[in-house]
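[1] Fold the following and give me the result.
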Amino acid sequence: MSSATKYIEELIESLTQFPGVGRKGAERIAYFIIRSNSSIGKNLITALGNVSEMLENCNNCGMVYLKKNECTCSEERNTEMLCIVENIEDAVKIENTNSFDGHYHVLGGAISPLDGIGPSDLSFDKLLKRINSDVKEVIIATNPSTAGNATALYIEKFLKDEKVKISRLAVGLPVGSNLEYIDDKTISTAISGRVKIN
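    Reported below is the predicted structural model:
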């Protein structure tokens, strides 16, 4: 194996560690980086370095934050609301809407027995410690998938003895869409989850 091939193979092996990137996808990305001008590779190295050096995961809530700042769970936010999400990217998506000013709790995934993920693999123990007298409402923001729904049901049962209101993100028809283009499952979910107007 030539020295050039060795470095290419190291890059491919590193890329296969990413979720959803198989060997072929990793090869395509690696050769794209090699063929491109050097700024793409340098920008990638800088971005990866920044993530490693500047960001940290909170041991309390699971969110990501700048190391020099406090995590959102330590900030002056609405302490009465706690939004439970599966992953950091879900919390970031909600945060970017500027529609929620409470705290987050990242479970680290969803309950999925087929994938070998049970409640003990997620941060339910930390969640229970965060439910205190300040928290008035827990918003379940799991994905509307089989695993997300199973996780939402588990959260409801898990918190049934706590004196908090439990709500779930609305699911159904996307804003600005036409019914003729919506799949049957989405329409069915929208009908069963309808809200009373008056």
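[2] Show me the helices in this protein, by range?
    Under the criterion DSSP state H, helices of the chain are mapped to 3-15, 23-35, 38-54, 88-96, 124-130, 146-158, 184-192.
[3] Out of the ones you listed, which is the most enclosed?
    Stretch with highest mean neighbour count among these: helix 146-158 (a mean of 17; mean count of other C-beta atoms under 10 Å). Where C-beta positions appear, they are placed from N, C-alpha and C, glycine not excepted.
[4] follow-up on the earlier one: which of the helices of the chain sits closest to residue 78?
    helix 88-96 (13.1 Å; C-beta to C-beta).
[5] Contacts for that closest one, please.
    57, 62-64, 72, 83, 85, 100, 104, 106, 141, 143 (C-beta atoms under 8 Å, 6 or more residues apart in numbering).
[6] again, only this time at 6 Å
    With contacts defined as C-beta atoms under 6 Å, 6 or more residues apart in numbering, helix 88-96 is touched by 63-64, 85, 100, 104, 106.
[7] go on, stretch 55-64?
    Contacting residues not belonging to stretch 55-64 are listed as 67, 71-73, 88, 91, 104-106, 123 [C-beta under 6 Å, 6+ apart].
[8] Find the nearest non-adjacent residue to the residue nearest the centre of the chain, please.
    Nearest to the geometric centre of the chain sits residue 87, at 2.2 Å (C-alpha atoms, centre = their mean). Closest residue to residue 87 apart from its sequence neighbours, by C-beta to C-beta, 6 or more residues apart in numbering: residue 106 at 6.5 Å.
[9] Just list the residues touching that neighbour, thanks.
    Counted by C-beta under 6 Å, 6+ apart, residue 106 has contacts 62-63, 85, 88, 91.
[10] For it, list each beta-bridge partner.
    Residues in a beta bridge with residue 106, per DSSP bridges, are residue 85.
[11] how close does residue 106 get to residue 94?
    Separation of residue 106 from residue 94 (C-beta to C-beta, to the nearest Å): 11 Å.
[12] before we move on, back to that, JSON lines for the contacts of residue 106, including pLDDT and distance to residue 132?
    Output for these, formatted as JSON lines (pLDDT from 0 to 100; distance: C-beta to C-beta, whole Å):
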{"residue": "62", "pLDDT": "86", "distance to residue 132": "17"}
{"residue": "63", "pLDDT": "87", "distance to residue 132": "18"}
{"residue": "85", "pLDDT": "94", "distance to residue 132": "19"}
{"residue": "88", "pLDDT": "91", "distance to residue 132": "23"}
{"residue": "91", "pLDDT": "91", "distance to residue 132": "20"}
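[13] any chance of those residues in a markdown table, with distance to residue 179 too?
    Shown next, in a markdown table, are the contacts of residue 106 (distance: C-beta to C-beta, whole Å):
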| residue | distance to residue 179 |
| --- | --- |
| 62 | 37 |
| 63 | 37 |
| 85 | 29 |
| 88 | 34 |
| 91 | 31 |
